[in-house]
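In: Sequence first, predicted coordinates after that:
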Amino acid sequence: MKREPEHRPQDGQNGEDIPLMEQLRKYQRAGVEITLEDVRLPLEDIAKICAVQEKGAYMCDFIADENDYIVRLNFERVKNGEEDLQGEERQDEDPYDEGL
C-alpha cells in the first residue's frame, strides 16, 4: 500500500511552493538520498545546477522501494533544443511527420 504523506516537502504551510533548496533539505532529513545524474553532490550544488539550467532543464525522478516509500531523488538533465544528454546535436525531425 502506498504511503500518502499528509504534507509534501514541496508544499509550504499554506500550500504555496517553497524553494528547491528547502525541499531538498526536507527530503534529506527524511532519509532520502539525493543525486544529480546518479552522482551524490552537496545539496547546494544540486540546487544551483538545477536553478541555472545552462545546458537544459532538470527533471526529478522519485525512486521508491518495494513498499512505495521514496528512497531517492535523482535529477536528470532533459534535452534542450540544441543538444541531447551527451552533448551531440539533436535531430529536430519528427519521425511521425510524413510531409503533412
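Out: Yep, it's here.

In: And stretch 39-48, what's buried?
Out: Buried positions in stretch 39-48, judged by neighbour count with 16 or more other Cβ atoms under 10 Å: Leu43, Ile46, Ala47. Glycine gets a C-beta too; all of them are placed from N, C-alpha and C.

In: can you check stretch 51-70 too?
Out: For stretch 51-70, by 16+ other Cβ under 10 Å, it's Gly56, Tyr58, Cys60, Ile70.

In: Now tabulate these in a markdown table and tack on pLDDT, secondary structure and distance to Lys79.
Out: Shown next, in a markdown table, are the buried residues of stretch 51-70 (pLDDT from 0 to 100; DSSP: H, G, I helix; E, B strand; the rest coil; distance: Cβ to Cβ, whole Å):
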| residue | pLDDT | secondary structure | distance to Lys79 |
| --- | --- | --- | --- |
| Gly56 | 72 | coil | 6 |
| Tyr58 | 90 | strand | 11 |
| Cys60 | 93 | strand | 16 |
| Ile70 | 95 | strand | 25 |
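
In: Which of the residues you listed sits closest to Glu22?
Out: Cys60 (14.5 Å; Cβ to Cβ).

In: Show me the beta-bridge partners of the closest one.
Out: Beta-bridge partners for Cys60, by DSSP bridges, are Phe75.

In: I figured it hits Asn74, correct?
Out: Yes - counting by Cβ atoms under 8 Å, Asn74 is a contact partner of Cys60 at 7.3 Å.

In: quick one: the helices in the chain?
Out: Assigned by DSSP state H, the chain shows helices spanning 20-29, 43-52.

In: Let's have these in TSV, adding mean pLDDT and distance to Thr35.
Out: TSV is the format used below for the helices of the chain (pLDDT from 0 to 100; distance: least, Cβ to Cβ, whole Å):
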stretch	mean pLDDT	distance to Thr35
helix 20-29	93	11
helix 43-52	89	8
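
In: Take those helices and write them to a markdown table, including distance to Ala64.
Out: Formatted as a markdown table, the helices of the chain follow (distance: least, Cβ to Cβ, whole Å):
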| stretch | distance to Ala64 |
| --- | --- |
| helix 20-29 | 13 |
| helix 43-52 | 20 |
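
In: now for the one helix or strand in the chain whose mean pLDDT sits lowest, which elements pack on it?
Out: When the helices and strands of the chain are scored by mean pLDDT, DSSP states H and E, helix 43-52 comes last with a mean of 89. If contacts are counted by 3 or more Cβ pairs under 8 Å, 6 or more residues apart in numbering; DSSP states H and E, helix 43-52 sits against helix 20-29, strand 33-36, strand 70-77.
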